[in-house]
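J.: compute the structure for the input listed below.
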Amino acid sequence: MSRMIQQGKIKEIFILKWKELTKRIPQLDAPFVPENLDIKGFTDRSDEVEKGFVFVAIEGFIVDGHEYIREAVSKGASVIIGEQEVQCFDVPYIKVENSRKTLGELAAGFYGYPAENKMVIGVTGTNGKTTTGLFLRHLFKKLGYSVSFFGTVFNEMNGERTESSLTTPSASMIQKALAESTDEVVVIEVSSQGLAQHRMEGMAFDYALFTNLQHDHLDYHHSMEEYFFAKKKLFSLLKLTGKAVVNEDSEWGQRLSRLLKEEGKTVITVGETDQSTRYYLEGSSQGTCVMNDHLYKFTLPLPGKYNLANLSLALTVLNDLDHELTDISKLMSDLDPIPGRFEVYALSDEVYGIIDYAHTAEALQALLPTIKEMYSHYQLVHVFGFRGNRDSTKRNKMVDISAQYSDETILTLDDLNGVSILEMEKEYSAQQKRKPLNEVKIVLDRTQAIIDAVKEAAVPTLIVVTGKGHETYKQKFDLSSTSDKETFQLINEKKQ
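T.: Numbers count the residues shown, from 1 in each chain. A predicted model of the protein is given here:
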């Protein structure tokens, strides 16, 4: 007996025979491994190995799992999988081309390929994954579906919400969760790193959505071309009947659509002109969407053309499933606030704070003009910083956009990521020299930068704080707060 699933929960894992586990994983077709070998689990961590487990040795960024094979064997591993030539005579050793990929396929096989029995939707793109994913979650729930969601701000399954540590969960976590989920629809944010690290191996998607590709993560991917093809991998995981939904408002989206069509994939396009779904914005919050020659007008739950693009992607999925979308404004009117996405806080009668996760030049180019249009008679003070040991090639453009749309830019700390404060201060000083001194100010303590902006607001002012969004601080600052949201809250409390 391989497993028992009761009321949507894996009640107990029994014994899975090697032949059953690997029947869809050709690289593990090894004649020297007994077909009836009992397998009780799998892991890439030697400290998790138990008797009867498969241990997958992965050469990580810091630790090489091949160095822990002997420990795994001593703990009772039944099979070892790795990429290197290893002398391992006590148990069967299978050399594969890619251990990470194999681990993902093992996870899917161990839990019975649960994605094949659910409607699974993946969302990828530089910006908009969380918003689009939560729009989908909300719409499906409003239409009567139960929904699991896995993403940046939280995970939710069977009505229970937990914290999220990664945008895209590990292969073993997502496969186990899908096997335990009783929900009808699963929405997953899929990051380029998650795809590059094969966390989605063994998944099968009904819809794969592409929001955009913008200048980011080049410290990891090294080039936009590499970044693009990491994103594109999501679409290779579509089911035979699966469909791609692609925003074509950029050359990257157009290129993706073209390549997918050449591969024989079904592609639904979204954009401002001549697409399967066409959208356009009136003002900052009035949207129009044309699908199947039917025109829908509605009020956006979040302002800006970029949020209209995100909502249009979500609406396209529902429309393709033949759901009636007669009153989109009503459907979206009770959307739960999305943490760190255009969150507005009243700080006084004429001073407001806005928190947003925008952390690329393109995201700032979308956000700041939207705010200027909505609050045209307000001064705009923009507080943001850079992350140490991350893509530095986007920094000049980010400062240029901030200075263009803000009355004052305050550069402050984001995550240091091992970089010294002195090094970041030197970087900020170089940015300041590129701009007039009245445009760019440096306040390294993030909480103090926000406090100063509030104190100095002598006229109607918007204090826009970007980069962290929903995330908590990794550094200690003057104010004993853990996030931008809490900083605003503590400022308000001290005023009372």
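J.: which residue ranges make up the domains of the protein?
T.: In the assignment given by automatic domain parsing, the structural domains of the chain cover 3-110, 114-332, 343-495.
J.: where does the prediction get shaky in the chain?
T.: The chain contains residues with pLDDT under 70 at 1-14, 88-89, 215-221, 437-438, 496.
J.: quick check, central residue of it?
T.: Thr167 (4.1 Å; C-alpha atoms, centre = their mean).
J.: touching, that residue and Thr152? I think so.
T.: Yes: applying C-beta atoms under 8 Å, one finds Thr167 in contact with Thr152, separated by 4.7 Å. Heads up, the C-betas are built off the backbone N, CA and C, glycines and all.
J.: which residues are in contact with each of these two?
T.: Lys129, Glu189 (C-beta atoms under 8 Å, 6 or more residues apart in numbering).
J.: element containing Glu156?
T.: Secondary structure from DSSP states H and E places Glu156 in strand 155-157.
J.: tell me which residues of the host helix or strand of Leu490 come out buried.
T.: If you go by DSSP H and E, Leu490 is part of helix 484-495. The neighbour-count check on helix 484-495 (16 or more other C-beta atoms under 10 Å) flags Asp484, Lys485, Thr487, Phe488, Leu490, Ile491 as buried.
J.: and the first one, how far from Glu180?
T.: Meaning Asp484. 34 Å (C-beta to C-beta, to the nearest Å).
J.: could you do Tyr145 as well?
T.: 18 Å.
J.: more neighbours, those two?
T.: Using other C-beta atoms under 10 Å, the more surrounded residue of Tyr145 and Glu180 is Glu180, with 19 against 14.
J.: and the biggest helix by length in the chain, how far out from the chain's middle?
T.: Using DSSP state H, we find that the single longest helix of the chain is helix 305-320. Helix 305-320 has its average C-alpha position 17 Å from the chain's average C-alpha position, going by C-alpha atoms, centre = their mean, to the nearest Å.
J.: what's it packed up against?
T.: Packing partners of helix 305-320 (3 or more C-beta pairs under 8 Å, 6 or more residues apart in numbering; DSSP states H and E): helix 129-142, strand 205-210, strand 238-247, strand 266-271, strand 277-282, strand 286-291, helix 361-374.
J.: so which other helices or strands are in contact with the helix or strand encompassing Ile94?
T.: Assessed by DSSP H and E, Ile94 sits inside strand 93-95. Secondary-structure packing of strand 93-95 (3+ C-beta pairs under 8 Å, 6+ apart): strand 79-82.
J.: show residues contacting the strand it packs on.
T.: Contacts for strand 79-82 (C-beta under 8 Å, 6+ apart): 18, 28, 33, 37, 39, 54-57, 65-66, 69, 72-73, 86, 88, 91-96, 99, 102-103, 106.
J.: stretch 336-346 now?
T.: 130-131, 134, 138, 153-154, 302-304, 307, 352-357, 367, 468-471, 484-485, 488-489, 492.
J.: make it 6 Å
T.: The contact list for stretch 336-346 (C-beta atoms under 6 Å, 6 or more residues apart in numbering) reads 131, 134, 153, 302, 352-357, 469-470, 488.
J.: before we move on, what about stretch 243-257?
T.: So stretch 243-257 is contacted by 207-213, 228, 235, 260, 265-272, 275, 309, 313, 316 (C-beta under 6 Å, 6+ apart).
J.: circling back to that earlier point, just put the helices and strands packed on helix 305-320 in TSV and tack on mean neighbour count and distance to Gln197.
T.: Putting those into TSV (neighbours: other C-beta atoms under 10 Å; distance: least, C-beta to C-beta, whole Å) gives the following:
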stretch	mean neighbour count	distance to Gln197
helix 129-142	24	16
strand 205-210	26	17
strand 238-247	20	20
strand 266-271	20	26
strand 277-282	18	32
strand 286-291	19	35
helix 361-374	21	24
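J.: in JSON lines, list the ones you listed along with distance to Arg255.
T.: JSON lines is the format used below for those (distance: least, C-beta to C-beta, whole Å):
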{"stretch": "helix 129-142", "distance to Arg255": "19"}
{"stretch": "strand 205-210", "distance to Arg255": "11"}
{"stretch": "strand 238-247", "distance to Arg255": "10"}
{"stretch": "strand 266-271", "distance to Arg255": "12"}
{"stretch": "strand 277-282", "distance to Arg255": "19"}
{"stretch": "strand 286-291", "distance to Arg255": "23"}
{"stretch": "helix 361-374", "distance to Arg255": "17"}
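J.: closest one to Lys435 among the ones you listed?
T.: helix 361-374 (14.9 Å; C-beta to C-beta).
J.: report the angle between the closest one and helix 305-320.
T.: 100 degrees (axes from the mean of the first three to the mean of the last three C-alpha atoms, to 10 degrees).
J.: can you name the element that comes right after helix 361-374?
T.: strand 379-384.
J.: who touches that following strand?
T.: Residues contacting strand 379-384 (C-beta under 6 Å, 6+ apart): 402, 406-410, 412, 449-450, 453, 459, 461-467.
J.: ok, 7 Å please
T.: 368, 371-372, 402, 405-410, 412, 449-450, 453, 459-467 (C-beta atoms under 7 Å, 6 or more residues apart in numbering).
J.: what does stretch 101-108 give?
T.: 25, 27, 42, 44, 54, 56, 58, 81, 96, 171-172, 175, 198-202.
J.: please list only the buried members of those.
T.: Buried among the contacts of stretch 101-108 by 16+ other C-beta under 10 Å: 25, 42, 44, 54, 56, 58, 81, 96, 171-172, 175, 198-202.
J.: stretch 188-197: which residues count as buried?
T.: Applying 16+ other C-beta under 10 Å to stretch 188-197 flags Ile188, Glu189, Val190, Ser191, Ser192, Gly194, Leu195, Ala196, Gln197 as buried.
J.: tabulate these (JSON lines), appending secondary structure and distance to Gly340.
T.: Formatted as JSON lines, the buried residues of stretch 188-197 follow (DSSP: H, G, I helix; E, B strand; the rest coil; distance: C-beta to C-beta, whole Å):
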{"residue": "Ile188", "secondary structure": "strand", "distance to Gly340": "19"}
{"residue": "Glu189", "secondary structure": "strand", "distance to Gly340": "14"}
{"residue": "Val190", "secondary structure": "coil", "distance to Gly340": "19"}
{"residue": "Ser191", "secondary structure": "coil", "distance to Gly340": "16"}
{"residue": "Ser192", "secondary structure": "helix", "distance to Gly340": "20"}
{"residue": "Gly194", "secondary structure": "helix", "distance to Gly340": "20"}
{"residue": "Leu195", "secondary structure": "helix", "distance to Gly340": "23"}
{"residue": "Ala196", "secondary structure": "helix", "distance to Gly340": "24"}
{"residue": "Gln197", "secondary structure": "coil", "distance to Gly340": "24"}
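J.: and which of the residues you listed is nearest to Gln286?
T.: Closest to Gln286, out of all of the buried residues of stretch 188-197 and judged by C-beta to C-beta, is Glu189, at 27.5 Å.
J.: how far away is that closest one from Leu315?
T.: 18 Å.
J.: now do stretch 139-158: distance from first to last residue.
T.: 17 Å (C-alpha to C-alpha, to the nearest Å).
J.: which residues sit against that stretch?
T.: So stretch 139-158 is in contact with 8, 130, 133, 137, 161-164, 167, 169, 174, 177, 181-189, 314, 318, 323, 331, 339, 470, going by C-beta under 7 Å, 6+ apart.
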